[in-house]
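Novice: A predicted structure for the sequence below; I have some questions about it.
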Amino acid sequence: NLTARFGYAREAMDDWGFMSQQRAGAAIASGFLSRQIAPIEVPDGKGQRSFSIDEFPRPSITREKLATLKPAFRRDGKGSVTAANSSGVTDGAAALLVADADAARSAGIPLQAKLVDWAVVGVAPEIMGAGPVPAIAKLLQRTGLSVADIDYWEINEAFAVVNLHAEAQLGIPRDRTNLYGGGISIGHPPGATGIRMTITAMHHLADTRGRYAIISMCLGSGMGMATLIENL
C-alpha cells in the first residue's frame, strides 16, 4: 500500500535490501554484532554446538539474484514487495535493564545510555509502515531537536519501503541509519527487535562518541513508535 500510494520503486527497495545484507556481513566480520549475542549451547543432531552468530544474514547474495524473486501479496504482476526487501520473522530474545540513574550508581551498575523521551502515534492501518514518520516528527518536536542533531538512527526494516519513506519524508540520512544491518538481514523476532535496535544504537554511540540516537518502528494495526537515547 505504501509503494502504491507514494510510488516507491522495487529497484530502490531491492537496493536497500542488498545494502542491509552487506552491512550485516561487515558487522559480523568486524565482531560488532557478536557483542550483542550471549552464546548458548543448542542441540545439533546428536550433540551440541555453540550458537554465537546469527544464521539469517545472507551477505554473499547478489543484487542480480534479488531481482529474480517473485513479489508477495499482489498477484496482478504489479507487486514490488519480496522476501529480499522484507524482514524475516526469526527467533530471538533480548533484554535491557532500565533503571533510575542514582539507583544504578548505588548498585555499581555502569551507565551506558539515558532514555530521554519517546513518542507513540497512530496512522491508517492500511499504511502501517508509515508509522515511524509521524512518530519521529512528534519526538523531534517534543525535544526541540532536528534530524541533523541525531547522530545515529535505527529504523526497523519491517519492509524496505518503511525506510525509504522515512528518508523521503524526513530527510533521514542513509549513512547514519542501520549501519549494521536490520530486519531484512539480521531478522525480525517480534518483541525483541526494538531492544536489539536500541542495543545497536547504544554500542554505536559508545564507539563513535556520538550523543543522540533515535530508534523507531512501525507496528501492525497502524502504530508508530520512536525513542530518543543519549550516550553516557
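Specialist: Ah, there it is.
Novice: For the rest of this, base every contact and every neighbour count on C-alpha atoms.
Specialist: Fine.
Novice: Determine the longest helix present in this structure.
Specialist: helix 10-30 (DSSP state H).
Novice: Pull the residues that contact that helix.
Specialist: For helix 10-30, contacts defined as CA atoms under 8 Å, 6 or more residues apart in numbering pick out 33-34, 53, 57-63, 66-67, 80-81, 84-86, 160-161, 164, 178-182, 184-186.
Novice: Note down every partner strand of the helix or strand that that helix is followed by and its orientation.
Specialist: Using DSSP states H and E, the helix or strand that follows helix 10-30 in sequence is strand 40-44. Counting by DSSP bridges, the strands paired with strand 40-44 are strand 47-51 (antiparallel).
Novice: pull the CA atoms of the partner strand into PDB?
Specialist: What follows is strand 47-51, C-alpha atoms only, in PDB (Å, rounded to 0.1, in the frame of the first residue of the first chain):
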ATOM      1  CA  GLY A  47      25.300 -33.300  20.000                       C
ATOM      2  CA  GLN A  48      25.500 -29.600  20.900                       C
ATOM      3  CA  ARG A  49      27.000 -26.600  19.300                       C
ATOM      4  CA  SER A  50      27.600 -23.000  20.400                       C
ATOM      5  CA  PHE A  51      25.200 -20.500  18.900                       C
END
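Novice: pLDDT on it, on average?
Specialist: What strand 47-51 shows for mean pLDDT is 89.
Novice: thinking again about what came up before, show me which positions of the longest helix of the chain end up buried.
Specialist: By 16 or more other CA atoms under 10 Å, the buried positions in helix 10-30 come out as 10, 13-28.
Novice: Show me where this protein has its helices.
Specialist: All helices of the chain, identified by DSSP H, fall at 2-6, 10-30, 63-66, 101-106, 132-143, 160-170, 193-208.
Novice: Low-confidence ranges, the protein, go.
Specialist: Across the chain, not a single residue meets the criterion (pLDDT under 70).
Novice: 90 instead, please
Specialist: Residue ranges of the chain with pLDDT under 90: 42, 44-46, 49-52, 55, 72-78, 88-89, 92, 190-191, 220.
Novice: which residue is nearest the middle of it?
Specialist: Taking CA atoms, centre = their mean, the centroid of the chain lies closest to Asn156, which sits 3.0 Å from it.
Novice: and that one, how far is that from Gly25?
Specialist: Applying CA to CA, to the nearest Å, the value for Asn156 to Gly25 is 18 Å.
Novice: how much space between the residue lying farthest from the centre of the chain and Pro39?
Specialist: In terms of distance from the mean C-alpha position of the chain, Lys46 ranks first, at 35.4 Å (CA atoms, centre = their mean). Per CA to CA, Lys46 is found 19 Å from Pro39.
Novice: For Gly222, give me its contacts.
Specialist: Per CA under 8 Å, 6+ apart, neighbours of Gly222: Gly122, Val123, Ala124, Pro125, Glu126, Ile127, Met128, Gly129, Gly131.
Novice: No further questions, thank you.
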